[in-house]
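1. Generate coordinates for the sequence data below:
(chains A and B)
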Amino acid sequence: MCGIVGLFLKNPDLQSELGLLTSQMLKVMTERGPDSAGFAVYGGARRGQTKITVRGVAPAQAARFEKGLADIAGPEITMTCRDDHTVITLPTEHEKTARRFIDAFGHGITFVSSGDSIELYKGVGLPEDVATRFDLAGMRGTHAIGHTRMATESAVTTAGAHPFSTGPDQCLVHNGSLSNHNTLRRQLVREGLKFATENDSEVAAGYLSWRLSHGERLDEALTASLTDLDGFYTFVVGTRDGFAVLRDPVACKPAVIAETDDYVAFASEYRAFARLPGIGQATVFEPEPQRVYHWEHAA
Amino acid sequence: MSNMQEIDLVRCTLREANSQLQGEDATGAWIIRNPQGRHALAVGLNAPIDVVIDGQAGYYAGGMNKHANITIEGNAGPGVAENMMSGSTHVRGNASMAAGATGHGGLLVIDGDAGARCGISMKGIEIVVRGSVGHMSAFMAQSGTLVICGDAGEALGDSLYEAKIFVRGEVRSLGADCEEKDMTADDLAHLRSLLDRAGVSEYPADSFRLYGSARRLYHFHVDNAAAY
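-> Numbers count the residues shown, from 1 in each chain, chains lettered A, B, ... in the order given. Below is the predicted model of the structure:
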């Protein structure tokens, strides 16, 4: 069992409340996943800028790490620390060099995500505590996806918490379990993908990123996963401009969507919606199995 | 409505709310305010009382009900009225998966749509869905009646025993051992009475089709192995 929440804002006036609303939803899903939690917040893109989220910058290494990045990207780089995660914003042309520097740095520093808009935070502990550590309630943005984990397929670690990001501005959260993830992981490794964990959900994220990198649209990649992924799943996939939902054909993992003029909200259970503004007037429905639901801001 | 006894879930716990309703000597009409999608609302009721859940219900609302008449003003989560013995449950919105699962008796009315596995393993409950139902509805249904005014998803009535299924709209596919039957005068009369009890007056009974068990899977026969 795990809990998923997602919030896609149609009304820009709500952007300052995105983090607060997401944190409230995440907390309600604690009973579905008390061992770890995580969330991706899409804070909005700025032309020519890329955000890289890393974790594990220890105080003893911080100065050397920051200087190394400043040497690469120059004075335009900014770094924002939230607990053990750091979001690095830098000119896009320096992204690849910075990424190589981060991957080679060692000392427990781990790449988490990168993209125009995505910031991704996750950790072990009660969802409320995780959200508080990163001050989720204070974050703003266009859309957010969160997950509360009750581990079944791999260890309770920060790396095993969701969301998983395996491509630019992409992330995936999963409720369920996949039974063919080892086979699929081996196939994807042969295709050149790298995986950080033994986690089944990371394989699903990698699979989608792999298909997207071959030019498929998100809905095409998700439709293909109905054939290639074996197991139980409700997925919510975040992209720079929106999010998508897919349930497996049996659909034993719960999912509910609420839509108003101001937002589209997703959750494993309705009660996560209870404090959303205007929820009493929302259209509430259960997504059908095998059907891709997709909401996107105009680019 | 003025003589309704009120329970506000902002002011009391779920357990306090349910224990007020569960006593065999409970009487009258009750309203549960601020349900906010909580699970296990008004479960295990045991007296002929009227209960209104004034909003959205979570999992298993009205489960194991005996005698009580429960109305859910919003949507219901998975397993609404599961294992109902008698009485009634009326969902004004949509219901999630496994609505009326394993129910032995009573009437479940869903004004909107029901999700997957509606009436799974039903054992005598009667279910009327004004909208459509999801896949694997009435799976292994043993007795009782499922009335679907809209469409049915894949594998309707898979491994069906003696429950009857009336469908007005499209059936995406039938499950193993489920087949269309001729409707008798008794079937029609029963359907009419159910539609009437559910307050469905817009669809005439003769616009429905009846599905039931072909009874080929009751006993194992090696020639049917592929159908299991």
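2. Could you grab the helix/strand/coil label for residue B:47?
-> With DSSP: H, G, I helix; E, B strand; the rest coil as the basis, residue B:47 sits in coil.
3. For the residue nearest to it when sequence neighbours are not counted, the count of nearby residues, please.
-> Excluding its sequence neighbours, the residue lying closest to residue B:47 (C-beta to C-beta, 6 or more residues apart in numbering or on different chains) is residue B:26, at 4.5 Å. Heads up, the C-betas are built off the backbone N, CA and C, glycines and all. Neighbour count for residue B:26, taken as other C-beta atoms under 10 Å in any protein chain shown: 19.
4. Tell me the confidence at residue B:26?
-> pLDDT, residue B:26: 91.
5. ok, now how distant is it from residue A:169?
-> From residue B:26 over to residue A:169 the distance is 55 Å, taken as C-beta to C-beta, to the nearest Å.
6. what does chain A put close to chain B?
-> Listed as neighbours of chain B in chain A under the rule C-beta under 8 Å from any C-beta of the partner chain: A:249-252, A:254, A:256, A:269-274, A:280, A:284-286, A:288-289.
7. State the helix or strand in which residue B:71 lies.
-> Using DSSP states H and E, residue B:71 sits in strand B:69-72.
8. Verify the contact between the residue nearest to residue B:47 and residue B:20 for me.
-> Yes: with contacts counted by C-beta atoms under 8 Å, residue B:26 reaches residue B:20, the gap being 7.1 Å.
9. what are the ranges of the helices in chain B?
-> Using DSSP state H, the helices of chain B run over B:14-22, B:185-197.
10. out of those, nearest to chain A?
-> helix B:14-22 (11.4 Å; C-beta to the nearest C-beta).
11. Show me what counts as buried in that closest one.
-> Across helix B:14-22, burial judged by 16 or more other C-beta atoms under 10 Å in any protein chain shown covers B:14, B:17-18, B:21-22.
12. Which other helices and strands does it contact?
-> Counting contacts by 3 or more C-beta pairs under 8 Å, 6 or more residues apart in numbering or on different chains; DSSP states H and E, helix B:14-22 is packed against strand B:5-8, strand B:29-33.
13. Tell me which residues are up against that helix.
-> Identification of contacts with helix B:14-22 by C-beta atoms under 8 Å, 6 or more residues apart in numbering or on different chains yields B:7, B:9, B:26, B:30, B:32, B:38-46, B:49, B:51, B:68.
14. now stretch A:249-257
-> By C-beta under 8 Å, 6+ apart, stretch A:249-257 touches A:4, A:175-176, A:226, A:232-234, A:245, A:247, A:264-270, A:273, A:284-290, A:293, B:77-78, B:96-97, B:115-116, B:134-135.
15. what do you get for stretch B:164-174?
-> B:132, B:135, B:137-138, B:141, B:144-158, B:178, B:180, B:187, B:190-191, B:203, B:207-212.
16. Please apply the same query to stretch B:6-13.
-> B:17, B:20-21, B:30-36, B:38.
17. Out of the residues you listed, flag the one nearest to chain A.
-> Of the contacts of stretch B:6-13, the one sitting nearest to chain A (C-beta to the nearest C-beta) turns out to be residue B:36, at 3.9 Å.
18. what about the closest one, how many residues close to it?
-> Counted with other C-beta under 10 Å, residue B:36 comes out at 20.
19. Quick check: it touching residue A:274?
-> Yes: contact criterion C-beta under 8 Å: residue B:36 and residue A:274 qualify, at 3.9 Å.
20. thinking again about what came up before, export the helices of chain B to TSV and tack on mean pLDDT?
-> Converted to TSV, the helices of chain B look like this (pLDDT from 0 to 100):
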stretch	mean pLDDT
helix B:14-22	96
helix B:185-197	98
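21. Of all those, which one is nearest residue B:88?
-> helix B:185-197 (8.4 Å; C-beta to C-beta).
22. Could you list every helix and strand in contact with that closest one?
-> Using 3+ C-beta pairs under 8 Å, 6+ apart, helix B:185-197 sits against strand B:123-129, strand B:143-148, strand B:164-167.
23. angle of that helix against strand B:143-148?
-> 60 degrees (axes from the mean of the first three to the mean of the last three C-alpha atoms, to 10 degrees).
24. Need the residues that contact helix B:185-197.
-> Applying C-beta under 8 Å, 6+ apart, the set of residues contacting helix B:185-197 is B:107, B:126, B:128, B:145, B:147, B:164, B:166, B:183, B:201, B:203, B:205-206, B:208, B:210.
25. What remains of the residues you listed if I keep only buried residues?
-> B:107, B:126, B:128, B:145, B:147, B:164, B:166, B:183, B:203, B:205, B:208, B:210.
26. re earlier: quick one: closest of the helices and strands packed on helix B:14-22 to residue A:160.
-> Comparing the helices and strands packed on helix B:14-22 by C-beta to C-beta, strand B:29-33 comes nearest, at 39.2 Å.
27. Extract the C-alpha set from the closest one and format it as CSV.
-> Extracted C-alpha coordinates of strand B:29-33, given in CSV (Å, rounded to 0.1, in the frame of the first residue of the first chain):
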residue,chain,number,x,y,z
ALA,B,29,-33.1,9.7,12.3
TRP,B,30,-29.4,10.7,12.4
ILE,B,31,-27.2,12.9,10.3
ILE,B,32,-23.5,12.7,10.1
ARG,B,33,-21.9,16.1,9.4
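28. on that earlier part again, could I have the buried ones of the contacts of helix B:14-22 as ChimeraX selection syntax?
-> Buried residues among the contacts of helix B:14-22 (16+ other C-beta under 10 Å), as a ChimeraX selection:
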select /B:7,9,26,30,32,38,39,40,41,42,43,44,45,46,49,51,68
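29. which parts of chain B sit against chain A?
-> So far as C-beta under 8 Å from any C-beta goes, chain B lies against chain A at B:36-39, B:55-56, B:58-59, B:74-75, B:77-78, B:93-94, B:96-97, B:113, B:115-116, B:134-135.
30. Please check the residues you listed and keep the buried ones.
-> B:36-39, B:55-56, B:58-59, B:74-75, B:77-78, B:93-94, B:96-97, B:113, B:115-116, B:134-135.
31. What distance do you get for residue B:149 to residue A:243?
-> On the measure of C-beta to C-beta, residue B:149 and residue A:243 end up 33 Å apart.
32. So which of those two has more stuff around it?
-> residue A:243 (26 against 23).
33. sorry, back to before: any chance of the helices and strands packed on helix B:185-197 in JSON lines, with distance to residue A:199 and mean pLDDT too?
-> Shown next, in JSON lines, are the helices and strands packed on helix B:185-197 (distance: least, C-beta to C-beta, whole Å; pLDDT from 0 to 100):
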{"stretch": "strand B:123-129", "distance to residue A:199": "39", "mean pLDDT": "98"}
{"stretch": "strand B:143-148", "distance to residue A:199": "40", "mean pLDDT": "98"}
{"stretch": "strand B:164-167", "distance to residue A:199": "42", "mean pLDDT": "98"}
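34. export the ones you listed to JSON lines and tack on distance to residue A:62?
-> Listed next are the helices and strands packed on helix B:185-197 as JSON lines, based on distance: least, C-beta to C-beta, whole Å:
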{"stretch": "strand B:123-129", "distance to residue A:62": "60"}
{"stretch": "strand B:143-148", "distance to residue A:62": "63"}
{"stretch": "strand B:164-167", "distance to residue A:62": "66"}
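35. With residue A:223 as the reference, measure out to the residue in chain B that chain A sits nearest to.
-> Chain A sits closest to residue B:37 of chain B, with a gap of 3.4 Å, by C-beta to the nearest C-beta. Plainly put, residue B:37 is 30 Å away from residue A:223 if you go by C-beta to C-beta.
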